[in-house]
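[1] here is a sequence together with a model predicted from it:
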Amino acid sequence: MDLEKPPREGSVPGVGPRTRPAGPPVRRQPEAPEGCLAVAIRMPVRIVVLVLVVPVRMAWDALVVTGRFLNDTLLRPLGRALLWLGRAVFVWPFVGLWRYVAVPLGKALAWLGNVLVVVPLVWLYRYVLTPLGHALALAGRGVGAVLGWAYAHLLTPAGHAVMWVVRGIGAAFAALGLGAWTAVAWLVRYLVAVPALWLYTWVLAPVGRALLWCGKGLVWLVSTVVTGVGAALYWIARILFVLPALALWRRVLTPVGRVLAVVGREVRDALGHAWRVAGHVSLAVGRFLGTLLRWTFVEPLRWVYRGVLTPVGHVLRDTLLRPAAEAARSAGRATRQALAAARQTVRRTRADVRRMLLGEPRRPAPAARREPSGREARTLGSSTTALTKD
């Protein structure tokens, strides 16, 4: 659908139809020239790359094969041997003990328990206890029936009769209750309470006071006797045991203890002094042996290290090791540069092969822009919309 409206001719005198400005021409990138020199260099570079990569791959494969060989011939058999040893030492004895000792013994014990305990108990329950229980249940039913008949036909009428008699007696007592209660209360007062009060006042109280006085006298007598006996025993024990023990402590043990304390203190001081002197002697002997060892072994070795080995090492470092290290670093840099050049050459070769086989990759054509190239004067035939403006 053409959204641009062409201008009408003759609408404005002196103004012809507008022409669409042409866009910039699309420039195509020139292809890289392929010459004989590029083709001549490509093959040697590929050969060099192949020569450099093949040893690395062979070394890697050799390492992989060596690792697999060690794993198959050394590590895995060693692990299997250790596993077998662990099973033979720890697992198989317990398995054999469980399988050939514990399980048969458990089965035998279970069979014996079944034969000696379970079967007799089942037989006893089935042929003795069950019939006996049935018989007892039947007898209980008969006794219950007899007791129920006796309760219904004997005890119930007798109870009713007894209750009737009790009700009659209760009514009679209720009629005679008040007078009888008064007579009984008077009799109890003058036959029981008054004699009991007289007995307590004139007999029991004096007898109790006399017994209390006698008890106090007996307690005083016993306490006096016990006090006297205790005092006698105290003085006897003091004279026979305490005073001799005190005299022994004061006259014998204390002087002997003081003498022993002085002897022990002197022994302790002597031991401390001897320990310190032995420490000084040991220190002197150790220093002498250390000095002898130093001047016999250490100083000659130090002189050999400083006077012989260090100059020789410096000479070897300056003449051999540093040049070798520099050469190794230079070789490493050269190798890295060669590998980088080889990788770049491989990338270019792969790109050339892809271009020869598949051709130049298609590039998208640039789309023509619809914005105006410059600010122009507005005319009657121009458009101001975003879809139709030039």
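    Received, thanks.
[2] near G96, how many other residues are there?
    By other Cβ atoms under 10 Å, 11 other residues sit near G96. From N, CA and C alone the C-beta is placed, and that goes for glycine too.
[3] what's the answer for D352, then?
    Around D352 there are 15 residues (other Cβ under 10 Å).
[4] distance check, it against L248.
    124 Å (Cβ to Cβ, to the nearest Å).
[5] same question for A338.
    Applying Cβ to Cβ, the value for A338 to L248 is 110 Å.
[6] next one: F94
    From F94 to L248 the distance is 71 Å (Cβ to Cβ).
[7] list the buried residues in the one helix or strand V353 maps to.
    Following DSSP states H and E, one finds V353 within helix 322-358. Residues of helix 322-358 classed as buried under the neighbour-count rule (16 or more other Cβ atoms under 10 Å) are 342, 345.
[8] next structured bit after the helix or strand in which M163 is found?
    Here M163 sits within helix 156-188, counting by DSSP H and E. Downstream of helix 156-188, the first helix or strand assigned by DSSP H and E is helix 194-199.
[9] which other residues reach that following helix?
    Contacting residues not belonging to helix 194-199 are not present [Cβ atoms under 8 Å, 6 or more residues apart in numbering].
[10] give the next helix or strand downstream of that helix.
    Following helix 194-199 toward the C-terminus (DSSP H and E): helix 205-237.
[11] who does that following helix touch, helix- and strand-wise?
    Packed against helix 205-237, as judged by 3 or more Cβ pairs under 8 Å, 6 or more residues apart in numbering; DSSP states H and E, are no other helices or strands.
[12] that helix - what's its average pLDDT?
    Mean pLDDT, helix 205-237: 90.
[13] and if you look at stretch 321-338?
    Computed over stretch 321-338, the average pLDDT equals 88.
[14] got the CA positions of it in PDB?
    Presented in PDB, the C-alpha positions along stretch 321-338 are these (Å, rounded to 0.1, in the frame of the first residue of the first chain):
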ATOM      1  CA  LEU A 321      71.400 -21.800  37.300                       C
ATOM      2  CA  ARG A 322      70.600 -18.200  36.300                       C
ATOM      3  CA  PRO A 323      71.500 -18.700  32.600                       C
ATOM      4  CA  ALA A 324      69.500 -22.000  32.600                       C
ATOM      5  CA  ALA A 325      66.600 -20.200  34.200                       C
ATOM      6  CA  GLU A 326      66.800 -17.300  31.700                       C
ATOM      7  CA  ALA A 327      67.000 -19.800  28.900                       C
ATOM      8  CA  ALA A 328      64.100 -21.700  30.200                       C
ATOM      9  CA  ARG A 329      62.000 -18.500  30.600                       C
ATOM     10  CA  SER A 330      63.100 -17.400  27.100                       C
ATOM     11  CA  ALA A 331      62.100 -20.900  25.800                       C
ATOM     12  CA  GLY A 332      58.800 -20.600  27.600                       C
ATOM     13  CA  ARG A 333      58.100 -17.200  26.200                       C
ATOM     14  CA  ALA A 334      59.100 -18.400  22.700                       C
ATOM     15  CA  THR A 335      56.900 -21.500  23.100                       C
ATOM     16  CA  ARG A 336      53.900 -19.400  24.300                       C
ATOM     17  CA  GLN A 337      54.400 -17.000  21.400                       C
ATOM     18  CA  ALA A 338      54.600 -19.900  19.000                       C
END
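[15] can you pull out the strands in the stretch 251-390 of the chain?
    Assigned by DSSP state E, counting those that start in this stretch, the stretch 251-390 of the chain shows no strands.
[16] where does it dip in pLDDT?
    262-286, 359-390 (pLDDT under 70).
[17] 90 instead, please
    Residue ranges of the stretch 251-390 of the chain with pLDDT under 90: 251, 255-291, 293-294, 297-298, 307-308, 313-390.
[18] okay, helices next: where are they in it?
    254-293, 299-304, 310-316, 322-358 (DSSP state H, counting those that start in this stretch).
[19] which parts of the third one are buried?
    Buried residues in helix 310-316, counting neighbours by 16+ other Cβ under 10 Å, are absent.
[20] do the second one as well
    By neighbour count, with 16+ other Cβ under 10 Å as the criterion, helix 299-304 contains no buried position.
[21] likewise stretch 179-199?
    Result for stretch 179-199 [16+ other Cβ under 10 Å]: no buried residues.
[22] pull up the distance across that stretch, start to finish.
    29 Å (Cα to Cα, to the nearest Å).
[23] helices of the stretch 1-150 of the chain, start to end?
    Going by DSSP H, counting those that start in this stretch, the stretch 1-150 of the chain shows helices at 36-70, 76-86, 92-97, 103-113, 119-124, 130-150.
[24] of all the ones you listed, which lies closest to P255?
    helix 92-97 (73.0 Å; Cβ to Cβ).
[25] can I get the CA coordinates of that closest one in CSV?
    What follows is helix 92-97, C-alpha atoms only, in CSV (Å, rounded to 0.1, in the frame of the first residue of the first chain):
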residue,chain,number,x,y,z
TRP,A,92,33.2,-63.1,58.1
PRO,A,93,33.8,-64.2,61.7
PHE,A,94,30.7,-62.4,62.9
VAL,A,95,28.7,-63.8,59.9
GLY,A,96,29.9,-67.3,60.7
LEU,A,97,29.1,-66.9,64.4
